[in-house]
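Student: Quick one: sequence and predicted model below, then my questions.
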Amino acid sequence: MPDINPTLDTMVNEFKDYANKTYISNDKKRNEIIYLYNMKENYKNGTPGEDGKVPTLGDIMHCIYYLRWERILPF
């Protein structure tokens with residue numbers, strides 16, 4: 001199993017908490033962040049995601065940048 005930076009792990013967990021508190025009535029935005037969380041968990045466990053591939057750190061970072069670009073994550 002690949003190691004994940006503990007800071008990145010904590011950060012994505014906090015993003016998920018943020019989504020569950022902030023986007024209670026916005027399923028689309030909440031699900032985008034939960035997708036990131038699931039991607040991180042799949043990377044940690046070495047399990048394939050919905051597309052049948054194990055995510056990479058690059059995939060996780062790309063997703064974070066996307067969420068920031070779309071202003072789903074304000075930080």
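Tutor: Nice, thanks for sending it over. Numbers count the residues shown, from 1 in each chain.

Student: alpha carbons only for contacts and neighbour counts from here, please
Tutor: Noted.

Student: Against the centre of the chain, work out the most remote residue.
Tutor: Largest separation from the mean C-alpha position in the chain: Ser25, at 19.2 Å (CA atoms, centre = their mean).

Student: Please tell me the pLDDT value assigned to that one.
Tutor: Note on Ser25: pLDDT of 94.

Student: do the same with Arg71
Tutor: Note for Arg71: predicted pLDDT of 94.

Student: can you pull the contacts of it?
Tutor: By CA atoms under 8 Å, 6 or more residues apart in numbering, no residues touch Arg71.

Student: ok, back up a step: the residue farthest from the centre of the chain and Asn45, how far apart?
Tutor: With distances taken as CA to CA, to the nearest Å, Ser25 is found 30 Å from Asn45.

Student: Over to Pro55?
Tutor: Distance from Pro55 to Asn45, by CA to CA: 10 Å.

Student: And those two? Which one has more around it.
Tutor: Per other CA atoms under 10 Å, whichever of Pro55 and Asn45 has more neighbours is Pro55, with 20 against 14.

Student: What residues does the residue farthest from the centre of the chain make contact with?
Tutor: Ser25 touches nothing, counting by CA under 8 Å, 6+ apart.

Student: Below-threshold pLDDT in this structure: ranges please.
Tutor: Under the criterion pLDDT under 70, the flagged ranges of the chain are 1-2.

Student: what about Thr47, is that helix, strand or coil?
Tutor: coil (DSSP: H, G, I helix; E, B strand; the rest coil).

Student: so it makes contact with Lys40?
Tutor: No - taking contacts as CA atoms under 8 Å, Thr47 lies outside contact range of Lys40: 10.2 Å.
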